[in-house]
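Asks: okay, here's the prediction I keep looking at, along with the sequence it came from:
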Amino acid sequence: MANLLEFRNVTKTYTRGYFSEAGTTALADFSMVLRDDDPTILTVAGESGSGKTTLAMLLLGFIDPTKGEILYKGKNIKNLRGEERMTFRREVQAVFQDPFAVFNPFYTVDHLLTVPIEKFKLAKSKAEARNKMDEALSSVGLRPEDILGRFPHQLSGGQRQRINVARALLLKPKVLVADEPVSKVDASLRANILESLRGLHRDHGVSIVYITHDLTTAYHVANSIVVLYKGGVMEAGGIDNVIQKPQHPYTQLLIDSIPWPDLDRRWGNDGIVVKESDISEKANTGCRFAPRCPYAKEACAVLPPLFQINPQQAASCVLHDTHPVLPPEDLTRVLPV
Amino acid sequence: MSTVLQIRDLQVSYYTDLGRATALNKVNLELKAGEKLGLVGESGSGKSTMALAMMRMIKPPGRIEDGSVVVGDVDLMQLSDEQMRLARLSRIAYIPQGAMNSLNPVMRIGAQMVDAIAAHETGMTKAEMVERSMQSLESVDLKRSVFTMYPHELSGGMKQRVCIAIGILLKPQVIIADEPTSALDVVTQRQVMETIDRVQKEIGTAVILIGHDMGLMAQFVDKVAVMYAGRLTEVSTVRDMFTNPMHPYAQALISSLPNLSNKGVFQGIAGLAPSLLRIPSGCAFHPRCPKAMDVCSAEIPAVKAYEGERLVACHLYTEGA
C-alpha cells in the first residue's frame, strides 16, 4: 500500500526566545498515515489550543516540525522542489476557519478562483475557466451570477466560506485539510458544505483531514477521529466507538458539553471541575489533562502511553492501563478508513 | 410577569446601489422580564439587523423606517441621540458577535469597565465604580485580579466573559447576545452559556440570544423565534418548536439537525435563501416550501396566534386561536 501522506513522530514546539527554557509544545510525537488507495475522512478534534491548527499548518508545509518528518508520497515535504512542489501544492488543499481573513478586500472574489486556474493551468480558454468557476460555485449551492464580480465585503460569511470550498473543488486535490470549515456557517448550509466535502471524498477519492471542535458534525462525516489536548493524543479510533463510548475523561467532557438539539438531553452539572484560569502555565510532565480531570490520581504524574482498548480505539489514560500499550507510530492501526 | 420589551412593526431597509433591501419587515415581538428568547434564521435573514435596530445602531445605507422598540416604558425610537446613548448599557445591552475582539488592547480591563459606568451619569464615586466592576467580574467567574489585566493576557473564553461582565454592569432590562459563543470551542461555550444563564437569573434580565445553533437554543432558551427573509415566521416555546414545529420552514430547520440517531443523513433545506433585494412575492418561503399553495405566492401570510402562546405566519393554518 502506498502512503500518500505520513507524519513520523512529529513534534512542534514554539519557543519563546533563546533564554526561556520551556517552549509550548503544540504537537507531541504525532504519527499518522493517509493511504493513497484508501481515501478516508479523519477528524482531528480538540478545544482551542489543543494543536489542531498546528497540525494543519504542518501538513500544508507552512511551518516545519521541530522533530520528526512529514512525507508526501514518500518524500519529505521540506525538500520538495520545482515540479514536485507544484504537485504537492495542488494536491494538498485547504479550507480555513475564518472566511473573512482569506480574501483580499481589494480584489473581487473572482480573484480567489482565477488565480489557481491560471497558476495550475486548469483551463485553456477564458470560457472554459468561467465554466469551471460556475460549476464549482453551483456545486456548493451558490448562484454564480450573484457571486462573481462582487467584493468580499458584499458577501456573507457563509457565502465566502462556500467560495473557499468551491476553490478547493476546482483543483481536484488528493488531500483536503478542512480547518473548522463550518464553524461560521448556518446549520442549514452546514449540511450542504459537509455534503459537498463528503461528495469530494466519495466521488473523487479525496482524503479529508477534518479539523473541528464540533463532534456532532465530525460524527456525521468522518470515519475515524483523533482527539488532541495540549498537543497530545488523548484518544483515537473509529468514530462510532469514540463518540458513543468515549473512554478518556477528556473526550467524555467534550461529548458531555455538546449542546445537543434535544430537549431531553441537557448539559450535565458535573464535568468542569477546575476553571481554566486556575491552571498553572508550568510545563507538566505527566498526563496533560490531569489538572482538569475528575479522576486524577498520583499515577497521572507520569505521561501515560496510548492503551489499545479494542481494535478500533485507544486512549491515553491510566484508567485503561490493563490494556496493551499502543506505540505512537502505530496510531493509524486503530483508525479505520 | 411584566413585559419588558415590546417591538412593534419594526422595519429596516438598506439602500444599496442595486435597490432597496428590506432586512426587517414589520416585525412584532414581546419579551417578559427574565425570559430567554432565541432568535434563529439563516445568514441574511435579518437577525443581526434586528439586534442593531433595537440598539439604534443601524448605520447608513441602512435606515430604521418605521416601528417602535419599547423597553420598560420608554420608546427607544423617540429618544434623542444623547438619551439613546445613556439608554444603551443601562436599559438595553448588546454583546456583539466576536465581542472579545472589541476590547481595547491597550487599556486594562478595569479601566474599560469603569469607563463604561462613568459614561452613564450614575452618580457613583470612583471607588463604587471599581467595586461594581469587580463584583461584575466575579459574577462571571473571573478573579478580581482580571481587573488589572490587559486583554491579551486572557483566553478567548475569558475575554468573552469580560464582555458579559461589561454587559451586566448597569443591570439592563434586556441583554442582546449576538452569537456570543460562535468563536469558542464546546467546553468554553458551555461555560460561557452557563455564566449568562446564572447572571441572567441573578439580575432578572430578559435575554435575546441570536444564533443559528439549534442545539444551543435547546439547551438555553425558553422561546424560539424563527426569522426568514426579514420576517418572523414562527414564535413558539422551545418544547413546541422542537416537538411540533408548525411553519414549514421551522419544520425543515428542525429536521435538518444532526443527532446521534441519524448518522450520515444530511437533510439540508432545498433551495437557496432569497436575496433581500428580490424577496419572493407573498410568503417569502414559498419557492422552497414543500407545502406551497396558490395563495402562498400571492398573499403575505399574517402572523396569527395559536394555542400555547404560539405565533405562526403561514397560510396552512387558517384558524387562529
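Replies: Yep, that arrived.
Asks: ok, what's across the strand from the residue most central in space within chain B?
Replies: Among the residues of chain B, B:Ile210 comes closest to the average C-alpha position under C-alpha atoms, centre = their mean, at 3.5 Å. Assessed by DSSP bridges, B:Ile210 has beta-bridge partners B:Leu39, B:Asp178.
Asks: do you know how far it is from B:Phe220?
Replies: According to C-beta to C-beta, to the nearest Å, B:Ile210 and B:Phe220 sit 12 Å apart. Where you see a C-beta, it was placed from the backbone N, CA and C, and this is true even at glycine.
Asks: A:Tyr11 belongs to a strand, doesn't it?
Replies: To be clear, residue A:11 is Thr; Tyr isn't right here. Yes. Counting by DSSP: H, G, I helix; E, B strand; the rest coil, A:Thr11 is part of a strand.
Asks: quick check: which ranges of the chain have low pLDDT?
Replies: Unless you meant another one, I'm taking chain A. A:1, A:16-22, A:157, A:184-189, A:265-284 (pLDDT under 70).
Asks: other chain: chain B
Replies: B:1, B:99-100, B:183, B:258-268, B:270-272, B:319-321.
Asks: my guess is A:Thr332 contacts A:Thr40, does it?
Replies: No. In this structure, A:Thr332 is not within contact of A:Thr40 by C-beta atoms under 8 Å, at 9.9 Å.
Asks: hmm, stretch B:300-309 touching chain A?
Replies: No. Stretch B:300-309 lies out of reach of chain A by C-beta under 8 Å from any C-beta of the partner chain, never closer than 15.1 Å.
Asks: just give me how far that stretch sits from the chain centre.
Replies: 21 Å (C-alpha atoms, centre = their mean, to the nearest Å).
Asks: from start to finish, how long is it in a straight line?
Replies: Terminal residues of stretch B:300-309 are spaced 21 Å apart (C-alpha to C-alpha, to the nearest Å).
Asks: for B:Ser13, list the residues it contacts.
Replies: B:Ser13 sits next to B:Arg20, B:Ala21, B:Thr22, B:Ala23, B:Gly62, B:Arg63, B:Glu65 when contact means C-beta atoms under 8 Å, 6 or more residues apart in numbering or on different chains.
Asks: again, only this time at 10 Å
Replies: Residues near B:Ser13 by C-beta atoms under 10 Å, 6 or more residues apart in numbering or on different chains: B:19-25, B:49, B:58, B:61-66, B:230, B:276.
Asks: sec struct for it, please.
Replies: Using three-state DSSP, the structure places B:Ser13 in strand.
Asks: keep only those of the contacts of B:Ser13 that are in helices.
Replies: Secondary structure assignment by DSSP state H places B:Thr49 of the contacts of B:Ser13 in helices.
Asks: among the contacts of B:Ser13, which lie within strands?
Replies: Among the contacts of B:Ser13, the ones falling in strands (DSSP state E) are B:Gly19, B:Arg20, B:Ala21, B:Thr22, B:Ala23, B:Leu24, B:Asn25, B:Gly62, B:Arg63, B:Ile64, B:Glu65, B:Asp66.
Asks: buried subset of the contacts of B:Ser13, written for PyMOL?
Replies: Typed into PyMOL, the next command selects the buried ones out of these (criterion: 16 or more other C-beta atoms under 10 Å in any protein chain shown):
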select buried, chain B and resi 21+22+23+24+25+49+58+62+64+230+276
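Asks: so where do the strands sit in the stretch 151-300 of chain A?
Replies: Counting by DSSP state E, counting those that start in this stretch, residue ranges of the strands within the stretch 151-300 of chain A are A:175-179, A:207-212, A:224-229, A:232-238.
Asks: relative to B:Arg161, which of those strands is closest?
Replies: strand A:224-229 (21.6 Å; C-beta to C-beta).
Asks: what angle separates that closest one from strand A:232-238?
Replies: Put simply, strand A:224-229 runs at 160 degrees to strand A:232-238, going by axes from the mean of the first three to the mean of the last three C-alpha atoms, to 10 degrees.
Asks: mind checking how far strand A:224-229 is from the chain centre?
Replies: Relative to the centre of its chain, strand A:224-229 is centred 9 Å away, using C-alpha atoms, centre = their mean.
Asks: buried residues in that strand, which are they?
Replies: By neighbour count with 16+ other C-beta under 10 Å, strand A:224-229 contains the buried residues A:Ser224, A:Ile225, A:Val226, A:Val227, A:Leu228, A:Tyr229.
Asks: over to stretch A:131-147?
Replies: A:Lys132, A:Met133, A:Asp134, A:Ala136, A:Leu137, A:Ser139, A:Val140, A:Gly141, A:Leu142, A:Pro144, A:Asp146, A:Ile147.
Asks: mind checking which helix or strand the first one is in?
Replies: Using DSSP states H and E, A:Lys132 maps to helix A:126-139.
Asks: does chain B sit close to the very next helix or strand once past that helix?
Replies: For helix A:126-139, the following helix or strand on the C-terminal side (DSSP H and E) is helix A:144-147. Yes. Interface with chain B: helix A:144-147 contributes A:Asp146 (C-beta under 10 Å from any C-beta of the partner chain).
Asks: so which residues make contact with helix A:144-147?
Replies: A:108-110, A:113, A:130-131, A:133-138, A:154-155, A:159-160, A:162-163, A:166, B:272, B:275, B:277-278.
Asks: returning to what we had before: tell me how far the helix holding A:Lys132 lies from the chain's centre.
Replies: Relative to its parent chain, helix A:126-139 has a centroid offset of 28 Å by C-alpha atoms, centre = their mean.
Asks: over to stretch B:143-159?
Replies: Worked out by C-alpha atoms, centre = their mean, stretch B:143-159 lies 25 Å from the chain centre.
Asks: next, the buried residues of it.
Replies: So, applying 16+ other C-beta under 10 Å, buried residues of stretch B:143-159: B:Val146, B:Phe147, B:Met149, B:Pro151, B:Leu154, B:Gly156, B:Gly157, B:Met158, B:Lys159.
Asks: next one: stretch B:119-137
Replies: Here stretch B:119-137 shows B:His120, B:Met129, B:Val130, B:Arg132, B:Ser133, B:Met134, B:Ser136, B:Leu137 as buried, counting by 16+ other C-beta under 10 Å.
Asks: just give me the neighbour total for residue 216.
Replies: Picking chain A for this. Neighbour count for A:Thr216, taken as other C-beta atoms under 10 Å in any protein chain shown: 21.
Asks: you looked at the wrong chain, it should be chain B
Replies: 24.
Asks: give the contact list for the residue nearest the centre of chain A.
Replies: Centrality entry for chain A: nearest residue to the mean C-alpha point is A:Ile211, 2.3 Å, by C-alpha atoms, centre = their mean. Applying C-beta under 10 Å, 6+ apart, one finds that A:Ile211 lies in contact with A:42-46, A:50, A:52-53, A:55-56, A:59, A:94-97, A:177-181, A:218, A:226, A:228.
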